[in-house]
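Chemist: build me a model:
(4 chains, ligands or ions: 6)
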Amino acid sequence: MSTPIVSLAEIIQNSEIAPDIYRMELQAPEITQKANPGQFLHIRCSDTVSPLLRRPISIAQINEKTGNMGIIYRVVGEGTQLLCQKSPGSRVDIIGPLGRGFPLPDKDKTSVIIGGGIGVAPILYLAEKIAQQHKNDNSITVLLGFVTKQEAFGIEFLESLGVKTIVATDDGTLGYKGFPTDLLDKYLKMHQDISRHVIYACGPKHMLSRVKTIAGGKNIPAYLSLEERMACGIGACLGCSVKSTQEGYKKVCKDGPVFEAGEIDLD
Amino acid sequence: MSTPIVSLAEIIQNSEIAPDIYRMELQAPEITQKANPGQFLHIRCSDTVSPLLRRPISIAQINEKTGNMGIIYRVVGEGTQLLCQKSPGSRVDIIGPLGRGFPLPDKDKTSVIIGGGIGVAPILYLAEKIAQQHKNDNSITVLLGFVTKQEAFGIEFLESLGVKTIVATDDGTLGYKGFPTDLLDKYLKMHQDISRHVIYACGPKHMLSRVKTIAGGKNIPAYLSLEERMACGIGACLGCSVKSTQEGYKKVCKDGPVFEAGEIDLD
Amino acid sequence: MNIDMDISVDIAGIVMKNPIMVASGTFGFGREYSDFYDINKLGALVTKGLTLLPKHGNPPPRTYETPAGMLNSVGLENPGVEKFIEKEWPHLSKLTTPIIANIDGDTVEDYQKIAKWLSTLENLAALEVNISCPNVEKGGLAFGQDPESAFQVIKAVREATNLPIIAKLSPNVTHIQTIAKATESAGADAISLINTLLGMAIDIHNHQPIFRRTFAGLSGPAVKPVALRMVWEVYEAVSVPIIAMGGITTWQDAAEFILAGASAVAVGTANFINPRAPIEIIEGLKTYLCLKEQNLQQLIGSAHGGRHLTY
Amino acid sequence: MNIDMDISVDIAGIVMKNPIMVASGTFGFGREYSDFYDINKLGALVTKGLTLLPKHGNPPPRTYETPAGMLNSVGLENPGVEKFIEKEWPHLSKLTTPIIANIDGDTVEDYQKIAKWLSTLENLAALEVNISCPNVEKGGLAFGQDPESAFQVIKAVREATNLPIIAKLSPNVTHIQTIAKATESAGADAISLINTLLGMAIDIHNHQPIFRRTFAGLSGPAVKPVALRMVWEVYEAVSVPIIAMGGITTWQDAAEFILAGASAVAVGTANFINPRAPIEIIEGLKTYLCLKEQNLQQLIGSAHGGRHLTY
Ligand SMILES: Cc1cc2nc3c(=O)[nH]c(=O)nc-3n(C[C@H](O)[C@H](O)[C@H](O)COP(=O)(O)OP(=O)(O)OC[C@H]3O[C@@H](n4cnc5c(N)ncnc54)[C@H](O)[C@@H]3O)c2cc1C
Ligand SMILES: Cc1cc2nc3c(=O)[nH]c(=O)nc-3n(C[C@H](O)[C@H](O)[C@H](O)COP(=O)(O)OP(=O)(O)OC[C@H]3O[C@@H](n4cnc5c(N)ncnc54)[C@H](O)[C@@H]3O)c2cc1C
Ligand SMILES: Cc1cc2nc3c(=O)[nH]c(=O)nc-3n(C[C@H](O)[C@H](O)[C@H](O)COP(=O)(O)O)c2cc1C
Ligand SMILES: Cc1cc2nc3c(=O)[nH]c(=O)nc-3n(C[C@H](O)[C@H](O)[C@H](O)COP(=O)(O)O)c2cc1C
Ligand code: FES
Ligand code: FES
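Modeler: Ligands and ions are numbered 1, 2, ... in the order given. Predicted structure coming up:
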């Protein structure tokens, strides 16, 4: 894992891309250079003591040419509210890249990537990185789930990569009506050569549980990106634990946020 | 005293007029209508709990035509730092007008107004108001003190009112070299008819003490605007007390901020 | 949504139209905040602390801001019982919302005398007995830090009055349950907590404590987690109703305290930041209950869910 | 300005190049923050709390943000003394900054055993005896809330080791001076305070406490005024040196604690917000002393200025 860096990154852009969902572009070349898909930034949303703690947000896009980095976040509380009010030109205090990201697939593997809701954010960078490695389109399929059409994002970006992208919405306003895990079920039924498959997922906990069950049932390796409340974000406070299938706990910030499905207990 | 109002006032302008000194123009017509010189606004500088308390800032200018109000503030800490970062178009939570302002002089009185440093802010509105009442220029003299030329503000405004304005700076970079209370001494020596004079002052505590002594020595009524840390700003918490020359304490926010010099003990 | 829903509550005979009160010392005698809303909308109003004789209070500075909180060293400045009755009671007694007098004494006898005197007032709803003021030379906090003297004060007041008695506890103790039980057994009809946490600040330029009395009382959002814990503990120890305070700023805060076991809550420091805070909390709480399809009684203490203190 | 000025301090034989330490449980075993600066620049490093046997700690969630503070219920997750010595000590012992082991036990005997075991380590600078952890089932806080058991624990550790002993006190007590004196008379060479304040939070949607163990420990800027007051009190009660912690975030905070009587201070929660906080505090403090033309020793406790506790 690469050494994290503290940076006062300049905000290049910060705009609403869907209701309450923002994309922020940051200039932080040293972090951009090192970042792997699935890693995150730990962001200080305020200059004051309120909110006190940093907020973890995944790295969603990397522009190697400009050295810029994109994050996509949903405004859910005080921290993200303050974040979305920041103007281009101002600076934001970030630490990154943090955590263990998604292990990239071997060349002969076929990747199925599942993203749900705001969990689609890190999926974008992951898909791009895999697409760069594997020139054969069919080696990646991305399955996205959103509550409704309005909240969808990232689809154009994925299509511009030439990656096969299938969308589900809970209410059927876009694509398939249902969950992205339904799409995963269907996909796996259609493909017989699943021995060379690898699954990546990021999204709400119940989605990850379902992915774990499906992957486990078929003996497909699956990598899941988890969330937990964090204080330090770097492994020092032991505050972000998730139950291990072994004894004890793992740290989401340092051992994860991406775990091999078998490592962690999601119940 | 008029009933105070809580208003989410729109910021019309917010710009630096001298190093670390800002002028903010606010649209709050109901407050503007009621405000008297020497009254103040109690301003919430943050949407979060940090800093927790409002900050008292004097009303410095009133534009009766536009219904706008100007405040002038020095950036000294967290609250004023946050205030100076606010952009025109956004809103700020204010309560006002608060406190007892300067009692306007009777028509036959001659006013001498002394302002020191950021204490010049409320003086501007006071001078304007008196100038409106008394069409005879000689009835008002304003004596201003600043540390140095760079920090001076308000002079042009006062001159545009046609008010006689004399400036002192501690380092002599503008006007007289010395304190505005030196100017007051000189002024009083030059004028023999001091029986019809009334003195108004706002500035640092040591300046107010000196004004009190000078005015007391000559038996001239003097009105001083005081500062004290405030919580509620409206008389409910008993947190902003200043020693009374009678028994006990007075509340700067409600009994003041302007006091007749004899009411309060400044030692 | 029916936001005319009934959220009234009866605490020891104090009939309140809603469980939102204002905390002693943060609302004067009710004059100032009348400028901002109809204060008859409050569940109840608690006066500034009253002493037998007038008190000038402490020299300035009396307040100091801290992270998400404030320290105060007002020192119980008040006109004394006599002047209170003469100057403040006439307008207070015209309010329709219940008025609770907060009382404080240097000695047990003081408390008794004030209680007797105030008991002559028609319409006074209750006495809140402050055994927890950190900002005075004598009495105050010391009474609230020892179960035996807490018991003595409340018992003395109990003997002096037929009014409902609310014992106001200090958080600056090892075992809040012990103090709460002592006041309950001495005859308190309700318990309110927390008063301020003892804190201080130092001026690093002149090397002196900010406050003349060195220590001062910490209040505001910063103390909320501690207040909530103590309300939780007291709920498990006594059967009289609890009035909670300590950093309550939003309806969500109020809901947390009610879930922890408070039958009513008081808004203190938050008044200074948002004069309309109590009204906004009343509205928010009504909406919350509506959405939950629950009434207030069901909510009180429901976070305990049969579970008992593990600590 | 001479910012190479000497701000070294010797606390009970622990020779520190500056008075800025990092607080137990906020700095792991020193690995993580090495990514951000040379941790040999610290005055001293205190390890995460160690227990005799490994501890998995509490189920999630373990942290929760509060106004200007945070609650934690980590529950002393640690590898146990044996694994600590095997896995962490090799790299810790290579550091030039003094290493202090924070120890915790369910029983007095546990403390004694850990102390003996750790005393075999060459170069370990001291033991910080945690009698104040609120997040464990047995022992912990209970030891620190009663002068008699505080005395017993420290005395037992005193008999087990020749290392300097730092007694780490809990703020959740009525009389901190009594506890401090008890640990001093039991043989503590220094006193550190405060550990976390007991607090809690409730989820208003599911009506349950956020934490499985209901209560958790409050730390961060919110608690600073309380911590400062307790350091002030303890300074007036004991003659051993004090190590202060509780919300220290800036050099100004550190200066306040030193003026209140601390010979050294520890940075805890602030590490999470600003990984370089300890370094910035060291620099700020040097500049402050330079400008004041004072040395550190002159500053320690100087806000007391001969005055004694008025409260
Ligand atoms: C490794 C990781 C990567 C993440 N990546 C993204 C991302 O790319 N985009 C995005 O929008 N969000 C992401 N999140 C979630 C994001 O951290 C939270 O939404 C954010 O911290 C909420 O902060 P707030 O102050 O706005 O809300 P708060 O007021 O703090 O809380 C609002 C809600 O968010 C929940 N929450 C708070 N902190 C966390 C947390 N650390 N993890 C999970 N839930 C939390 C609270 O329980 C509450 O329900 C990620 C979380 C983790 C752990
Ligand atoms: C009635 C009144 C009118 C005022 N009018 C103006 C004005 O027109 N323009 C202006 O620039 N300032 C004015 N002040 C002072 C202004 O309130 C403080 O400068 C401001 O509150 C500082 O806030 P802060 O968060 O930036 O600084 P903080 O970090 O809070 O404090 C910085 C410094 O300001 C001092 N301070 C903090 N609060 C107050 C206070 N209430 N009164 C006095 N000093 C304080 C502190 O002791 C400290 O030295 C007025 C004060 C009062 C009481
Ligand atoms: C300025 C101020 C004055 C207070 N005066 C009193 C008082 O006279 N009597 C009393 O019992 N409590 C007094 N208190 C304590 C409050 O009633 C309340 O218990 C405490 O502030 C915690 O609530 P809060 O955090 O919501 O303010 C005072 C608090 C403040 C901030
Ligand atoms: C996440 C976390 C874990 C902690 N673990 C320990 C511990 O193991 N042993 C201990 O004595 N104190 C522990 N503490 C308490 C701190 O060392 C410190 O006393 C307290 O947090 C107050 O300081 P602060 O406000 O600067 O954080 C812990 C604190 C936090 C926030
Ligand atoms: S957030 Fe501190 S260990 Fe993960
Ligand atoms: S600030 Fe509250 S009474 Fe003046």
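Chemist: alpha carbons only for contacts and neighbour counts from here, please
Modeler: OK.
Chemist: can you give me the helices in the chain?
Modeler: In the absence of a named chain, chain A is used. Remark: helices assigned in chain A by DSSP state H are A:29-34, A:78-84, A:120-133, A:155-160, A:180-190, A:205-218.
Chemist: please refer instead to chain C.
Modeler: C:80-83, C:89-92, C:108-118, C:141-144, C:147-160, C:176-185, C:224-235, C:251-260, C:270-273, C:277-292, C:296-299.
Chemist: by contact count, what packs against the fourth one?
Modeler: Helices and strands touching helix C:141-144, as assessed by 3 or more C-alpha pairs under 8 Å, 6 or more residues apart in numbering or on different chains; DSSP states H and E, comprise helix C:147-160.
Chemist: and the helix it packs on, how far out from the chain middle?
Modeler: Distance of helix C:147-160 from its chain centroid, counting by C-alpha atoms, centre = their mean, to the nearest Å, is 18 Å.
Chemist: quick one: low-confidence parts of the chain?
Modeler: Defaulting to chain A. Applying pLDDT under 70 to chain A picks out residues A:1, A:136-138.
Chemist: um, chain C though
Modeler: C:1-3, C:137-139, C:306-311.
Chemist: spell out which parts of it neighbour ligand 2.
Modeler: With the criterion set to C-alpha under 6 Å from any ligand atom, chain C never comes near ligand 2.
Chemist: longest strand in chain C, please.
Modeler: Looking across chain C with DSSP state E, the single longest strand is strand C:124-130.
Chemist: for chain A, which residues are neighbours of ligand 5?
Modeler: Contact residues (C-alpha under 6 Å from any ligand atom) of chain A with ligand 5: A:230-240, A:251-253.
Chemist: let's see if you can find the most crowded of the residues you listed.
Modeler: Neighbour counts for the residues of chain A next to ligand 5 (other C-alpha atoms under 10 Å in any protein chain shown) peak at residue A:238, which has 32 neighbours.
Chemist: does that residue really touch residue D:74, like I thought?
Modeler: Yes. At 6.5 Å, residue A:238 counts as touching residue D:74 under the criterion of C-alpha atoms under 8 Å.
Chemist: got CSV for the helices of chain C, with mean neighbour count and distance to residue B:12 too?
Modeler: Shown next, in CSV, are these (neighbours: other C-alpha atoms under 10 Å in any protein chain shown; distance: least, C-alpha to C-alpha, whole Å):
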stretch, mean neighbour count, distance to residue B:12
helix C:80-83, 18, 47
helix C:89-92, 16, 41
helix C:108-118, 21, 52
helix C:141-144, 25, 49
helix C:147-160, 20, 56
helix C:176-185, 23, 52
helix C:224-235, 26, 37
helix C:251-260, 27, 32
helix C:270-273, 24, 24
helix C:277-292, 19, 27
helix C:296-299, 16, 45
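Chemist: strands - which of the residues of chain A next to ligand 5 land there?
Modeler: Reading strands off those with DSSP E, I get residue A:251.
Chemist: number of nearby residues for residue 210?
Modeler: Assuming you mean chain A. 15.
Chemist: not quite, I wanted chain C
Modeler: Around residue C:210 there are 20 residues (other C-alpha under 10 Å).
Chemist: could you do residue C:209 as well?
Modeler: 19.
Chemist: against residue B:49, how distant is the closest residue to it other than its chain neighbours?
Modeler: Leaving aside its chain neighbours, residue C:209 sits nearest to residue C:202 (4.2 Å; criterion: C-alpha to C-alpha, 6 or more residues apart in numbering or on different chains). Per C-alpha to C-alpha, to the nearest Å, residue C:202 is found 22 Å from residue B:49.
Chemist: over to residue A:111?
Modeler: Residue A:111 is 46 Å from residue B:49, by C-alpha to C-alpha.
Chemist: go on, residue A:87?
Modeler: 22 Å.
Chemist: re the thing from before, from the residues of chain A next to ligand 5, which are also near chain D?
Modeler: Counting by C-alpha under 8 Å from any C-alpha of the partner chain, A:230, A:231, A:232, A:233, A:234, A:235, A:236, A:237, A:238, A:239, A:240 from the residues of chain A next to ligand 5 sit close to chain D.
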